[in-house]
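Q: What follows is a predicted structure for the sequence shown.
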Amino acid sequence: MAEQKESTTSENMETSAEATESSAKESASSEKKRSLNLKGYERLINRMQEERKELQKELSKDYREARHYVREHPEEGVLYAFIGGLAIGLLLGTRFTGSSYESDD
């Protein structure tokens with residue numbers, strides 16, 4: 001009976017050691033995956049920051065060009081603003097009043 005208890009205890013210890021080792025491997029694997037995910041996120045964040053900087057440069061350049069054009073051609077700038085205002089006013093007027101230019105028959 002004592003031998004049977006010792007063998008059972010020995011088997012339990014081996015099973016426990018195997019479970020601990022397996023758990024440690026899973027934990028290490030999980031840490032590697034987490035580390036790879038973090039590196040991927042960092043690369044993505046860096047790429048997005050670079051894209052944002054490039055977009056800001058392009059927008060600044062386009063804005064400067066538009067201002068320069070309007071300064072050189074003020075009549076055209078006023079005309080475009082007037083036409084744009086009419087178009088927006090027409091769209092908003094028909095949208096909010098709910099009417100159209102069709103006659104009621």
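A: Received, thanks. Computed from a predicted structure; not experimentally measured.
Q: For residue 38, see how far away residue 27 is.
A: From residue 27 over to residue 38 the distance is 16 Å, taken as Cβ to Cβ, to the nearest Å. C-beta here means a position set from N, CA and C on the backbone, and glycine is covered the same way.
Q: cool, residue 67 as well?
A: Applying Cβ to Cβ, the value for residue 67 to residue 38 is 43 Å.
Q: helices or strands next to the helix or strand hosting residue 89 in the packing?
A: Assigned by DSSP states H and E, residue 89 belongs to helix 74-97. For helix 74-97, the packing partners by 3 or more Cβ pairs under 8 Å, 6 or more residues apart in numbering; DSSP states H and E come out as helix 2-72.
Q: quick one: average pLDDT of the helix it packs on?
A: Averaged over helix 2-72, pLDDT sits at 79.
Q: For residue 38, list the residues it contacts.
A: Contact analysis of residue 38 by Cβ atoms under 8 Å, 6 or more residues apart in numbering lists nothing.
Q: Equivalent analysis for residue 26, please.
A: Contacts of residue 26 (Cβ under 8 Å, 6+ apart): none.
Q: how far away is it from residue 46?
A: 31 Å.
Q: what does residue 58 give?
A: For residue 58 relative to residue 46 (Cβ to Cβ), the value is 19 Å.
Q: ok, now residue 63?
A: 26 Å.
Q: Likewise for residue 86?
A: 46 Å.
Q: before we move on, what about residue 56?
A: Taken as Cβ to Cβ, the span from residue 56 to residue 46 is 16 Å.
Q: Over to residue 79?
A: 45 Å.
Q: ditto for residue 83
A: 43 Å.
Q: same deal with residue 73?
A: Counting by Cβ to Cβ, the gap from residue 73 to residue 46 is 41 Å.
Q: Restrict stretch 45-63 to CA atoms and write it as CSV.
A: C-alpha atoms of stretch 45-63 as CSV (Å, rounded to 0.1, in the frame of the first residue of the first chain):
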residue,chain,number,x,y,z
ILE,A,45,1.6,54.0,-36.0
ASN,A,46,4.9,55.1,-37.5
ARG,A,47,3.6,54.7,-41.0
MET,A,48,0.4,56.6,-40.2
GLN,A,49,2.4,59.4,-38.7
GLU,A,50,4.5,59.6,-41.9
GLU,A,51,1.4,59.7,-44.0
ARG,A,52,-0.1,62.4,-41.8
LYS,A,53,3.0,64.6,-42.3
GLU,A,54,3.0,64.1,-46.0
LEU,A,55,-0.7,64.9,-46.2
GLN,A,56,-0.1,68.1,-44.1
LYS,A,57,2.6,69.2,-46.5
GLU,A,58,0.4,68.6,-49.6
LEU,A,59,-2.5,70.5,-48.0
SER,A,60,-0.3,73.4,-47.0
LYS,A,61,1.2,73.6,-50.5
ASP,A,62,-2.3,73.5,-52.1
TYR,A,63,-3.6,76.1,-49.8
